[in-house]
Each structure stands twice: as structure tokens, then as C-alpha cells.
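Asks: Mind looking at a prediction? Sequence and model below.
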Amino acid sequence: MTSRRRLASVFKRSVILWSAVVALVVAAGVPGSQAQSPQALEALHQRLLPLFELAGVVFTDADETSGRLVVGVLDRGVESLVRARLRLLGVPSQSVDVVETEAIFQVATLRDKVRPVVGGLQIRFSQYLCSLGFNAWRDTEGYVTASHCSTKQGEVDGTKYYQPLNQVAEEFIGTEVVDPAFFRNTNGCPRGRRCRYSDSNFSAGDAGASFALGWIARTTGPNNGSLEIAGEFAITAEGPATVGDTANKVGRTTGWTQGTVTRTCVNTGVSGTNIVLLCQDFVENTVQIVDGGDSGSPVFRINADGFVTLLGNLWGGNSSGTLFVYSPIANIERELGALKTF
């Protein structure tokens with residue numbers, strides 16, 4: 001073989017080898033440059049929990065739509081701290097999107113007595129107003145609302161509830177009996193934080209009140225501001241939500257509202273506290289869908305047959321009122337125990 005032919009042969013083999021290497025690199029992907037599998041992405045997501053040790057971190061999420069990790073921060077000034085911490089956590093910075101967002105607040109501020117009691121009604125505890133989530137059976141007849149709609153969140157304190165307003169015997173509906181404690185330094189809870197999987201508690205219903213299991217008050221329409229009860233929704237199932245679903249809630253302040261599920265299983269810091277609620281769901285709209293006093297509201301999906309699937313209970317939202325956060329029903333039952341809800 002002449003030297004020229006040998007040189008051509010070597011060049012051809014080099015081109016083939018280089019093409020194979022390029023193909024392997026493309027197939028393997030550069031870390032963070034491509035969407036990852038849901039399982040791998042969620043595993044990386046759980047590494048982000050220590051980010052809540054940084055002031056200004058609002059949420060972390062494994063975004064199912066983009067296949068990337070997302071960290072929500074109050075302002076861009078926090079981004080450099082977040083990215084520095086990512087290196088320590090072994091998470092490729094290029095695989096994480098840092099977005100500016102509003103703080104998530106617990107919704108609790110300050111309408112007719114309704115019997116039997118159904119989900120979505122105004123309830124009172126101490127000097128505050130919230131919304132009743134849904135009726136349930138847990139060894140006894142009762143109901144679920146938000147844990148922070150009690151005298152001491154994360155502690156069984158015997159909070160007494162009235163519906164709708166007056167702290168008198170004829171409006172007394174029950175007493176808190178289950179409100180799991182926060183946990184620290186376990187299950188990934190960040191240092192210096194208190195964690196739970198839901199903002200929910202269970203109260204035993206008073207014998208003098210009657211409760212309609214599986215029913216939620218229905219107003220005249222979604223997102224129209226009406227508080228007039230025009231019927232009921234019937235719960236026939238429990239289940240999770242997926243991104244893109246339409247989720248509904250009924251609460252004493254903004255009535256029946258709905259939006260789109262934009263994030264699921266979001267680890268969420270509660271503004272003004274050291275609380276991180278794990279694996280919560282976000283619902284958004286361009287109009288107001290939540291306000292003070294809506295905490296505890298039942299969250300549900302309306303099925304094609306008109307019946308509803310219970311998704312969980314609302315506990316918070318952003319200051320604009322265009323986003324609400326709820327605890328999924330699976331998390332609620334993980335902490336409160338098995339519930340019969342319909």
C-alpha cells in the first residue's frame with residue numbers, strides 16, 4: 001500500500017471513530033442540556049431541600065413540562081447564593097432554572113348557617129375565619145380543614161369550631177382531635193426548618209350538628225365572585241392532579257374559583273415562618289382565585305359526569321390572589337390516617 005493510500009485509510013478510520021464518539025455524546029447528553037427522566041429529575045429535586053436554608057427561596061420543583069428543575073426566589077439577588085449551594089449539593093447548575101416569584105402566604109383572615117354542614121362553608125375558630133374543607137369519617141364523624149386554622153398549628157389543642165360565625169352552642173360544630181406535629185432533621189427536612197406533608201387537621205363533629213358526607217357547596221358559577229349557594233358538588237372519588245388539569249375550590253371569601261394545575265409535588269416555604277410543606281400542588285389563573293379566609297377550602301376536579309374527584313385542601317396563595325397552593329389528598333391521609341370522604 002502506498003503511503004498516500006495508507007494516509008487516506010487512516011483518515012477514513014479517524015472520521016468513522018470521531019463520528020461514533022459524537023453519536024455517543026449526543027445519545028448520552030450533556031448534563032443539564034436535555035430533559036431528564038421523571039424519576040431522575042425527582043431524585044435531583046429532593047437534593048434541593050437544603051436550599052430552604054437560604055432566605056428568599058420560595059419553592060423548588062421538578063417541572064414535568066420542561067424536564068428541568070426550578071427554584072423560585074423572591075428576587076434575583078438570591079440567585080448567586082442558590083447556584084453556589086447547588087454545587088455543594090451536587091446538582092448541576094445548568095440543569096436548574098431560577099425564577100423570580102411572589103411569596104406564598106397562608107390564607108387566613110376574616111356568611112349563613114347551613115345544615116347539614118357541607119364543604120366550602122365559612123367556619124370560625126377563636127377570632128378568625130376559615131373555610132371548611134370536606135367532611136370525613138375517621139373513627140368518628142367529622143371534617144378536615146387547614147391545620148393553621150387552629151389555635152396552634154401542628155399540635156392537638158382542642159380548637160373549637162363554629163359555623164358560620166357566632167361562638168354559641170347552636171353554631172358549635174366540633175373540636176380538633178388530630179393535628180400531627182411538625183418534624184425536624186428527618187425525611188429531608190432542611191436544617192432549621194419544620195416540615196409536614198400537609199396543612200390539615202381533623203375535628204370530631206359535634207353530636208348536635210349534622211354533616212353531609214361527600215358534599216361540597218356549589219355557587220352560581222366559577223370565578224364570578226358569587227357566594228350564593230346554588231346546589232352541591234358530589235364527591236365520588238379521591239385522586240391526584242396532573243399538570244394541565246383544571247382544579248376547583250370553594251371557599252368563604254372568593255366562592256367557587258378554578259385555575260390550571262401548573263406544578264405538582266412542590267416543596268413550599270411558608271412566608272414569615274420556618275415551615276416547609278413538602279410535595280404541594282400549585283393552581284394558577286390570570287384572575288383572582290383566592291383571598292384571605294379561603295384557607296381549608298376543598299380542592300377538586302369536575303369529571304365528565306358532573307361528579308367530582310377530591311384532590312385535597314387549600315392552605316395558601318400568593319399576594320396577587322392568582323395562585324393557590326393545596327395539600328394533595330394522599331398527603332393529608334398520610335398524616336391524618338385513612339379517611340372516608342364520600
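Replies: In hand now; what should we look at?

Asks: what stretches of the stretch 151-300 of the chain score poorly on pLDDT?
Replies: Nowhere does the stretch 151-300 of the chain drop to pLDDT under 70.

Asks: Then the stretch 1-150 of the chain?
Replies: Along the stretch 1-150 of the chain, segments meeting pLDDT under 70 span 1-35, 108-110.

Asks: Now do the same contact list for Glu238.
Replies: 309-311, 329, 341-342 (CB atoms under 8 Å, 6 or more residues apart in numbering). C-beta: built from backbone N, CA, C; applies to glycine.

Asks: Run through the bridge partners of it.
Replies: For Glu238, the beta-bridge partners are Leu310 (DSSP bridges).

Asks: I'd like the contacts of Glu238 laid out as JSON lines, including neighbour count.
Replies: What follows is the contacts of Glu238, written out as JSON lines (neighbours: other CB atoms under 10 Å):
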{"residue": "Thr309", "neighbour count": "18"}
{"residue": "Leu310", "neighbour count": "28"}
{"residue": "Leu311", "neighbour count": "26"}
{"residue": "Ile329", "neighbour count": "27"}
{"residue": "Thr341", "neighbour count": "23"}
{"residue": "Phe342", "neighbour count": "19"}
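
Asks: tell me the two of these that are most distant?
Replies: Leu311 and Phe342 (13.2 Å; CB to CB).

Asks: tell me the secondary structure for Arg85?
Replies: Under DSSP: H, G, I helix; E, B strand; the rest coil, Arg85 falls in the helix class.

Asks: mind checking how far the lengthiest strand in the chain is from the chain centre?
Replies: The longest strand of the chain (DSSP state E) is strand 255-269. Its chain's average C-alpha position is 6 Å from that of strand 255-269, according to CA atoms, centre = their mean, to the nearest Å.

Asks: That one: which residues count as buried?
Replies: For strand 255-269, burial by neighbour count (16 or more other CB atoms under 10 Å) applies to 255-259, 261-269.

Asks: Of those residues, which is the nearest to Asp97?
Replies: Arg263 (12.5 Å).

Asks: Excluding covalently adjacent residues, which one is nearest to that closest one?
Replies: When the adjacent residues along the chain are set aside, Arg263 lies closest to Phe282, with 4.1 Å between them (CB to CB, 6 or more residues apart in numbering).

Asks: OK, contacts around that neighbour?
Replies: 59, 261-264, 266, 323-325.

Asks: do Asp63 as well
Replies: So Asp63 contacts 69-70, 97, 263 (CB under 8 Å, 6+ apart).

Asks: What is the neighbour count of Lys113?
Replies: The number of residues packed near Lys113 is 14, by other CB atoms under 10 Å.

Asks: Next up, the contacts around the closest residue to it other than its chain neighbours.
Replies: Leaving aside its sequence neighbours, Lys113 sits nearest to Pro164 (CB to CB, 6+ apart; 5.5 Å). Residues near Pro164 by CB under 8 Å, 6+ apart: 111-114, 121-124, 171.

Asks: Can you classify Pro164 as helix, strand or coil?
Replies: Pro164 - assigned by three-state DSSP - is coil.

Asks: do you know how far it is from Val290?
Replies: Between Pro164 and Val290 the computed distance is 19 Å (CB to CB, to the nearest Å).

Asks: related to what we said a few turns ago, a markdown table please, covering the contacts of Phe282 and showing distance to Val250.
Replies: Converted to a markdown table, those look like this (distance: CB to CB, whole Å):
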| residue | distance to Val250 |
| --- | --- |
| Phe59 | 25 |
| Val261 | 17 |
| Thr262 | 20 |
| Arg263 | 22 |
| Thr264 | 21 |
| Val266 | 22 |
| Leu323 | 17 |
| Phe324 | 12 |
| Val325 | 16 |
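
Asks: sorry, back to before: counting by contacts, list what the longest strand of the chain packs against.
Replies: helix 38-46, strand 57-63, strand 211-219, strand 246-251, strand 275-284, strand 323-328 (3 or more CB pairs under 8 Å, 6 or more residues apart in numbering; DSSP states H and E).

Asks: quick one on the thing from earlier: bridging residues for the residue nearest to Arg263?
Replies: Arg263, Val325.

Asks: Quickly note the distance from it to Glu228.
Replies: From Phe282 to Glu228 the distance is 28 Å (CB to CB).

Asks: Over to Thr60?
Replies: Applying CB to CB to Thr60 and Glu228 gives a distance of 40 Å.

Asks: Who has more neighbours out of those two?
Replies: Each of Thr60 and Glu228 has its neighbours counted (other CB under 10 Å); Thr60 has more, 23 against 13.

Asks: pretty sure that one is touching Val70, no?
Replies: Yes. Counting by CB atoms under 8 Å, Thr60 touches Val70, with 7.1 Å between them.

Asks: where along this structure do the helices fall?
Replies: 3-28, 38-46, 79-89, 329-336 (DSSP state H).

Asks: if we can go back for a sec, would TSV of the contacts of Glu238 with pLDDT be doable?
Replies: Listed next are those as TSV, based on pLDDT from 0 to 100:
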residue	pLDDT
Thr309	98
Leu310	99
Leu311	99
Ile329	98
Thr341	98
Phe342	98
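
Asks: Need these in CSV (columns: distance to Ala212).
Replies: Below are the contacts of Glu238 laid out as CSV (distance: CB to CB, whole Å):
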residue, distance to Ala212
Thr309, 18
Leu310, 14
Leu311, 19
Ile329, 19
Thr341, 12
Phe342, 10
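
Asks: I am finished for the moment; much appreciated.
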